[in-house]
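*Asks:* Everything below, folded, please.
(2 chains)
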2 protein chains.
Amino acid sequence: MSNIEGLLKQHGTPEKEVYLDWENGSVVDKEVYKEMKPFYLERTFGNPAITHHMGWETLDFYMKAKTKIAKPLNVDPQALALTHSFSESNNLAVRGLAKMNKKRKKIIVSEVEHLSVIHTAKAMFNDQYQVEIIPVSNDGTVNLDILQEKIDSDTLLVSLQTINHEIGTIQPVREALEIVKDKDESIFFHTDATSAFGRIPLDYNKVEVDLATFNSNRILGPKGIAGLYIKKGTKLKAIYEGQLSVEVLAPDVENPALLAGFAKAVEIQFEKFDEINNQTKKLRDKLLYGLQTSIERTEINGPSGDRRAPDNVNISYMGCEGEALTVECSMNGIYVSSGSACTSRVLMPSHILTAIGRKPEEAHGSLLMKLNRLNTEEQVDYVLERMPKVIKRIRSITGGIEL
Amino acid sequence: MSNIEGLLKQHGTPEKEVYLDWENGSVVDKEVYKEMKPFYLERTFGNPAITHHMGWETLDFYMKAKTKIAKPLNVDPQALALTHSFSESNNLAVRGLAKMNKKRKKIIVSEVEHLSVIHTAKAMFNDQYQVEIIPVSNDGTVNLDILQEKIDSDTLLVSLQTINHEIGTIQPVREALEIVKDKDESIFFHTDATSAFGRIPLDYNKVEVDLATFNSNRILGPKGIAGLYIKKGTKLKAIYEGQLSVEVLAPDVENPALLAGFAKAVEIQFEKFDEINNQTKKLRDKLLYGLQTSIERTEINGPSGDRRAPDNVNISYMGCEGEALTVECSMNGIYVSSGSACTSRVLMPSHILTAIGRKPEEAHGSLLMKLNRLNTEEQVDYVLERMPKVIKRIRSITGGIEL
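*Replies:* Numbering: from 1, shown residues only, chains lettered A, B, ... in the order given. The predicted model follows:
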């Protein structure tokens, strides 16, 4: 028996289970799974670049699927590149742009971007690029005054998330874009919309960003496929090499099964867009403010009201340690992540919680819960009933002192 | 109606269909699909890096799946990195190695490597690396004398395919490895075993390569996942940036559903390894020599007998043009690719056919057919019956002259 098997046996399977760790892993929608089936098992498995009947069928399907995905973004399907993940999209946006546009050498990103943006920018710093990190307010909103100060004639790219993945801050993308383009039309603007796609309206025909990352798995589509919107005229170079294919920016990404699932997930999410997001928002508020009022010494991370993502609940519980918290939650059948989804198994506090001014002990005692249309009010009630006991128990073990 | 829809309508659906374009697209095995189902729809969808019950379950599954995949390679499961595609694995092997080992500046690859190896090496040429391309004989076998000449104390890496994806040449990997390591133990050796995994025995405990690329989709596993074997002590750096995760060399690659499918495909392929490959070899010989004898003015591309991959049939038909050939085959329900899988839709002849000395007109008139355990003798008989008519018709259109 492996160590993990032992751990699982000791843990047991809780009577009731509520999954709220959608940031880190997800099933797909049943309809999405059904949609993928023929591409996995039946005739429509050609390569869209090959000139025979099955290749053409696949190319035809490919263009129709991209049309479905482009619709809610209000863009030309031809402007969508597919990638294997939002991380790859973010890498492609930053590094792929720099590869094709070598004159300018400054990259500006916010302090709360996903690590796939921040680390890519920082890695380029070694390649003689200048990287500016724009700070955020204590609810995670980017400081537009500092952004305005930092942009100059050497600026290649500004990259600013639409919604923060960890604390749910909706960023002022439209205002930031205006500031950037007013200063210099030829500065490129990228937004990582991974956590925003399907949650808030996005219209890149109106808000004319140059590049936008979006994702399948966050809306109950399959993992292994994501996208990058590339405004006409914006030139990128692939970040890895391969054969010539339909997707020139990601050789070998063509995957009819995953694309079928992605397109179906988009259809479902946007058909019931208002219904889904109103319901999620209701559950979010019940959970967020319910936890805050029933448990002492808590701090909500991120903004309130309309400037918060409809699916995001993030609270710091003083006097608690993150891993102990997630394990105790797990014993109660509540599956969540701590500190940062991105920094689990690492004893560093989340760079996002640090950026909004949380002390390490506050960051470590934080829990991220996300909600989607598979969650129910009854589940939220269960979490509200259990969490006070979870926190009490963890505090009793540590003595409740600030760690 | 789109142009493609028109094309499909005009083409019609043939009465009988034989799919031989496995190099470019594939269904998955029915058992593989079944294996993926719970990971798509049920509880085991955690992230293996997260500390809760579902995360541990996923980590436990993850390690067991890797153990299954490592077994036929006879290596430690810990030595396997997962990637999204064999192209990514090849990029990671070449560029990831160079990023961590900056002292040596020469990269040696064969002339018939996959474009994801050749283009990666050539792209690095711009970064002050020296790249040597080793020629091959007229059956595609790498020239070991020239390899021996070219390796020196500045050589970082030699990359040599195990089996050529297009003409099926089984390369003398063991001999090449000996030559390299005899000259200098610290030169790294990578083999792209994408077309070899599941086709010929591989044992990296005996043939101690430093790096080996292998693939899921070529053995009827899902697309979107592949692997790179990394011998203990070989240090690589990721080729793109992202969050900290279980797979440090491919942030965001964790995909329990695809991994479950990959592991199942490996199990099936290696459980019946001899049976599958003997049967495939029998069909290959029937098809290869059957076509050669029943159609005039043909040239087999690649070696004969035991030095040819068990699944590979590649023939040049003089006086024919590739796209016309694939379309005429398609009208007869025979799905194949031409010239090169990698260069379809491009009017350049395959770099591999050029490397073995084929003139452009010979390369353009070539067809690649691959066979796997889903193909039957009855299908091969059908292809043998139809192909003489296909070739006759194409030659009658072009006048049969050398194009």
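*Asks:* Any stretches of the stretch 301-403 of chain A with poor pLDDT?
*Replies:* Applying pLDDT under 70 to the stretch 301-403 of chain A flags residues A:340-347, A:399-403.
*Asks:* could you pull out the strands for it?
*Replies:* Taking DSSP state E, counting those that start in this stretch as the test, the strands found in the stretch 301-403 of chain A are A:312-317, A:334-335, A:337-338, A:366-370.
*Asks:* What are the boundaries of the helices in the stretch 201-350 of chain A?
*Replies:* Using DSSP state H, counting those that start in this stretch, the helices of the stretch 201-350 of chain A run over A:256-271, A:273-294, A:322-331.
*Asks:* Now do the first one: everything it contacts.
*Replies:* Counting by Cβ atoms under 8 Å, 6 or more residues apart in numbering or on different chains, helix A:256-271 makes contact with A:28-29, A:31-33, A:35-36, A:38-40, A:44-46, A:48, A:58, A:61-62, A:64-66, A:68-69, A:71-72, A:82, A:198, A:216, A:219-222, A:224-225, A:227, A:276, B:25, B:222-224, all of which sit outside it. (Glycine included, C-beta is placed from N, CA and C.)
*Asks:* Check the offset of that helix from the chain's centre.
*Replies:* Remark: helix A:256-271 is offset 17 Å from the chain centroid, using Cα atoms, centre = their mean, to the nearest Å.
*Asks:* name the helices or strands packed onto the stretch of helix or strand A:Arg174 belongs to?
*Replies:* Under the criterion of DSSP states H and E, A:Arg174 resides in helix A:173-183. Counting contacts by 3 or more Cβ pairs under 8 Å, 6 or more residues apart in numbering or on different chains; DSSP states H and E, helix A:173-183 packs against helix A:144-150, strand A:188-192.
*Asks:* For that helix, which outside residues touch it?
*Replies:* By Cβ under 8 Å, 6+ apart, helix A:173-183 touches A:142, A:144, A:147-148, A:151, A:158, A:160, A:162, A:187, A:189, A:191, A:207-209.
*Asks:* For it, buried residues please.
*Replies:* Of the residues in helix A:173-183, those buried under the neighbour-count criterion (16 or more other Cβ atoms under 10 Å in any protein chain shown) are A:Val173, A:Ala176, A:Leu177, A:Ile179, A:Val180, A:Lys181.
*Asks:* Please dump these into a markdown table; it should also carry pLDDT for every row.
*Replies:* Formatted as a markdown table, the buried residues of helix A:173-183 follow (pLDDT from 0 to 100):
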| residue | pLDDT |
| --- | --- |
| A:Val173 | 98 |
| A:Ala176 | 98 |
| A:Leu177 | 98 |
| A:Ile179 | 98 |
| A:Val180 | 98 |
| A:Lys181 | 98 |
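*Asks:* Just put those in TSV and tack on distance to A:Tyr317.
*Replies:* Below are the buried residues of helix A:173-183 laid out as TSV (distance: Cβ to Cβ, whole Å):
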residue	distance to A:Tyr317
A:Val173	31
A:Ala176	33
A:Leu177	37
A:Ile179	37
A:Val180	38
A:Lys181	42
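*Asks:* Would you check which pair of the residues you listed lies furthest apart?
*Replies:* The largest separation in the buried residues of helix A:173-183, counting by Cβ to Cβ, is between A:Val173 and A:Lys181 at 12.1 Å.
*Asks:* Secondary structure element for A:Leu82, which one?
*Replies:* Assigned by DSSP H and E, A:Leu82 falls in strand A:80-83.
*Asks:* what pairs with that strand, and is each one parallel or antiparallel?
*Replies:* Applying DSSP bridges, strand A:80-83 is found paired with strand A:226-230 (antiparallel).
*Asks:* Need the residues that contact the strand it pairs with.
*Replies:* Counting by Cβ under 8 Å, 6+ apart, residues outside strand A:226-230 touching it are A:69, A:73, A:75, A:79-86, A:88-89, A:92-93, A:194, A:204, A:209-217, A:236, A:249, A:262.
*Asks:* Excluding chain neighbours, what is closest to A:Lys150?
*Replies:* A:Glu132 (4.7 Å; Cβ to Cβ, 6 or more residues apart in numbering or on different chains).
*Asks:* Give the full set of residues in contact with that neighbour.
*Replies:* Residues counted as contacts of A:Glu132 (Cβ under 8 Å, 6+ apart) are A:Lys106, A:Ile107, A:Ile108, A:Val109, A:Lys150.
*Asks:* Can I take it that the second one is in a helix?
*Replies:* Think A:Ile107. No - according to DSSP: H, G, I helix; E, B strand; the rest coil, A:Ile107 belongs to no helix; its state is strand.
*Asks:* I figured it hits A:Ala93, correct?
*Replies:* No - with contact defined as Cβ atoms under 8 Å, A:Ile107 does not count as touching A:Ala93 (10.7 Å).
*Asks:* who's more crowded, the two?
*Replies:* Per other Cβ atoms under 10 Å in any protein chain shown, whichever of A:Ile107 and A:Ala93 has more neighbours is A:Ala93, with 31 against 27.
*Asks:* average model confidence for the helix or strand following the strand holding A:Leu82?
*Replies:* In the C-terminal direction, the helix or strand that comes right after strand A:80-83 (DSSP H and E) is helix A:86-91. Average pLDDT, helix A:86-91: 97.
*Asks:* Give me the helices and strands touching helix A:86-91, please.
*Replies:* Using 3+ Cβ pairs under 8 Å, 6+ apart: helix A:86-91 touches helix A:115-125, strand A:188-192, strand A:211-215, strand A:226-230.
*Asks:* With only the CA atoms kept, save the next helix-or-strand element following that helix in CSV.
*Replies:* Next in sequence after helix A:86-91, counting helices and strands by DSSP H and E, comes helix A:97-100. Output in CSV follows, covering the C-alpha atoms of helix A:97-100 (Å, rounded to 0.1, in the frame of the first residue of the first chain):
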residue,chain,number,x,y,z
LEU,A,97,4.4,38.9,-29.5
ALA,A,98,7.9,39.8,-28.4
LYS,A,99,9.4,37.4,-31.0
MET,A,100,7.6,39.2,-33.8
